[in-house]
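> What follows is a predicted structure for the sequence shown.
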Amino acid sequence: MGNFPIQTPVGVAEFYSDDAWIEGRAVDQLHDVAGWPGMRAVAGFPDLHPGRFGPVGGAFLADRLYPQLIGPDIGCGMALFRLDLPRRKLKLDKAARRLEALETGVDADTGAAALAGTCAAQLDAYGLGTLGGGNHFCEVQVVDKITDPTAASGLGVQAGDLCLLVHTGSRGQGAGVFTGISDTWADGFLPGSDAAESYVALHTAAQIWARVNRALIAGRAAEALRCEARLICDAPHNHLERRPDGWLHRKGAAAPDRGLAPLAGSRESHSYLMAVPKGPPEALGSVSHGAGRRYDRAAMHGRIRRVKSELEAMRKTRFGGRVICTDRDLLIEEAGSAYKDAGAVLRDLEAFGLARAIAAFAPLLTFKTSKGGRG
C-alpha cells in the first residue's frame, strides 16, 4: 500500500503498513467501535493490539463520552527527562539498589503539597510516587543515536546523555473513577448530562494526579541517583479531550507535548524521542505511544519456561542493562518478546507523516518492582 491511510465508509483510518504485526481481533475491535452511536472518526496506529472494551493504540472522536474507551488508568502516559549524570558515573549495581526507594510512595504531606492548588486535591494522595504494575516502569536510558541533530541540540540532548523515561498513570484513583460509574456508560454519556459532567470533572482530576505522579517519580529517581532531572516532554495516552467537533478519546495513543512524544520500546529494543508534526486530520492529533503488545500476558506464560536460567536471563538485556523485577509472573508477561519491534512502528509513523525520530535510546536500568508485588 502507499503512504495513505486506508479509509472506510465508517470513518476508520488505519495508519499502518501491510508489514505491521496487527492481530485480527484488534482490527475487528477498531471497526466495531466505529459503529458505536455518535462515533465520528476512528484512527488506528501501528502499535494497535486488542483491549478489553476496544483496541489499544487508537483514537476515537465521538459526539458523546465513552469512559470505557479510556479505561481505569486515566491519564496514563510517558514522561521523558534528561539527567545531568555523566554515563561514566552510572554504576548499575549501586543505581539498582538506590532505585528501590521507588517501591514506596511519598509521605502524606508531600503528596498533599504536590496536589495542592489543583482539582486533583480532591483525590487521595495515597500511591503518589509509585509506578504500579502491568507495563509501567521507570527506566534509565542512554542516548544511543541522534537522528535529528538540530532538534536534539535545541532540546539540549546529545549522544551519550542519560535520560529517564517514566511510564505510569493515576494508579487506584483512575480505577476508582471508572468502577464508580459501573456499566452506565454502555451507550456513552451525552454532553451536558449529569453523568458526563461528573465524569469529566473526575477524569480531569485523575489526569492531573497522573502527571504529578510521573513528576514525583522522576524527582525521587533523580534524588536516588544523586542528580537532577529536567523534563523534555510528558505525553499522556489514556485520556479524554474536548474538541470543537466532539470528544476525542485516546487509548494507548499519545497526545504530543509541545510537538514531542516518546515511543517506548521493550527491554530488548530501543525507545525513541519523536518530533510530531500536525499531520493529516484523520490521525486525530495522535500518534503511537509504544511498540504495542505482540502477545498477551496469558500467552507469554506458555512461551517462556519458569526456570531459573530463563528468568535470570530476562533480568539482563542485550544492551548490557538490568531489569529490576522480582515478580516472576510480571517478568514473564513483560519480556521483550511480548512486544512488537518499536523500530518498525516508528518506520510506519514516519511513512505516514505522523512522526520523525530525533533520538534513539538504549535501556540501561529498568525498574518495575523490587518486592515481588504488583501494586
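Structure's in. What do you need?

> Point out where the stretch 101-250 of the chain drops to low pLDDT.
For the stretch 101-250 of the chain, the stretches flagged by pLDDT under 70 are 182-183.

> and the longest strand seen in the chain, C-alpha only, in PDB?
Using DSSP state E, we find that the single longest strand of the chain is strand 356-369. Extracted C-alpha coordinates of strand 356-369, given in PDB (Å, rounded to 0.1, in the frame of the first residue of the first chain):
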ATOM      1  CA  ARG A 356      10.100  11.900  12.800                       C
ATOM      2  CA  ALA A 357      12.700  10.400  15.000                       C
ATOM      3  CA  ILE A 358      15.000  12.700  16.900                       C
ATOM      4  CA  ALA A 359      17.000  10.200  19.000                       C
ATOM      5  CA  ALA A 360      17.200   6.500  19.900                       C
ATOM      6  CA  PHE A 361      17.600   5.400  23.500                       C
ATOM      7  CA  ALA A 362      19.000   2.100  24.800                       C
ATOM      8  CA  PRO A 363      17.700   0.800  28.200                       C
ATOM      9  CA  LEU A 364      20.300   0.600  31.000                       C
ATOM     10  CA  LEU A 365      18.200   0.100  34.100                       C
ATOM     11  CA  THR A 366      14.500  -0.700  34.100                       C
ATOM     12  CA  PHE A 367      12.800  -0.600  37.400                       C
ATOM     13  CA  LYS A 368       9.400  -2.300  37.900                       C
ATOM     14  CA  THR A 369       9.300  -3.800  41.300                       C
END
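
> what's it packed up against?
Judged by 3 or more Cβ pairs under 8 Å, 6 or more residues apart in numbering; DSSP states H and E, the packing partners of strand 356-369 are helix 92-98, strand 137-146, helix 149-154, strand 162-168, strand 271-275, strand 322-325, helix 328-333, helix 342-351. Heads up, the C-betas are built off the backbone N, CA and C, glycines and all.

> List the strands paired with it, with their directions.
Strand pairing for strand 356-369, determined by DSSP bridges: strand 137-146 (antiparallel), strand 271-275 (antiparallel), strand 322-325 (parallel).

> which of those strands is buried the deepest?
Among the strands paired with strand 356-369, strand 271-275 has the highest mean neighbour count (mean count of other Cβ atoms under 10 Å), at a mean of 25.

> Now do that one, average pLDDT.
Mean pLDDT, computed over strand 271-275, is 98.

> neighbouring strands for the helix or strand following that strand, and are they parallel or not?
Sequence-wise, the next helix or strand downstream of strand 271-275 (DSSP states H and E) is strand 287-288. In the sheet, strand 287-288 lines up against strand 253-254 (antiparallel) (DSSP bridges).

> how far is the helix or strand just after the strand it pairs with from where the chain is centred?
Toward the C-terminal end, the helix or strand that comes next after strand 253-254 (DSSP H and E) is strand 260-263. Put simply, strand 260-263 sits 10 Å off its chain's centre (Cα atoms, centre = their mean, to the nearest Å).

> hang on, the earlier thing: buried ones in the longest strand of the chain?
Neighbour-count burial for strand 356-369 flags 356-369 (criterion: 16 or more other Cβ atoms under 10 Å).

> Equivalent analysis for stretch 152-165, please.
152, 155, 157, 161, 162, 163, 164, 165.

> Dump those residues into a markdown table; add distance to residue 65 as well.
Shown next, in a markdown table, are the buried residues of stretch 152-165 (distance: Cβ to Cβ, whole Å):
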| residue | distance to residue 65 |
| --- | --- |
| 152 | 39 |
| 155 | 35 |
| 157 | 38 |
| 161 | 41 |
| 162 | 40 |
| 163 | 35 |
| 164 | 34 |
| 165 | 30 |
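
> Could you pull up the mean pLDDT of the longest strand of the chain?
Strand 356-369 carries an average pLDDT of 96.

> so can I have a markdown table of the buried residues of strand 356-369 showing distance to residue 195?
Converted to a markdown table, the buried residues of strand 356-369 look like this (distance: Cβ to Cβ, whole Å):
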| residue | distance to residue 195 |
| --- | --- |
| 356 | 40 |
| 357 | 42 |
| 358 | 41 |
| 359 | 43 |
| 360 | 44 |
| 361 | 42 |
| 362 | 46 |
| 363 | 42 |
| 364 | 46 |
| 365 | 44 |
| 366 | 40 |
| 367 | 38 |
| 368 | 36 |
| 369 | 36 |
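
> Can you tell me which of these is nearest residue 51?
residue 368 (21.1 Å; Cβ to Cβ).

> Where does pLDDT dip in the stretch 251-375 of the chain?
371-375.

> how about a cut-off of 90?
266-268, 279, 296, 300, 302-321, 326, 333, 335-338, 369-375 (pLDDT under 90).

> Sounds good, over and out.
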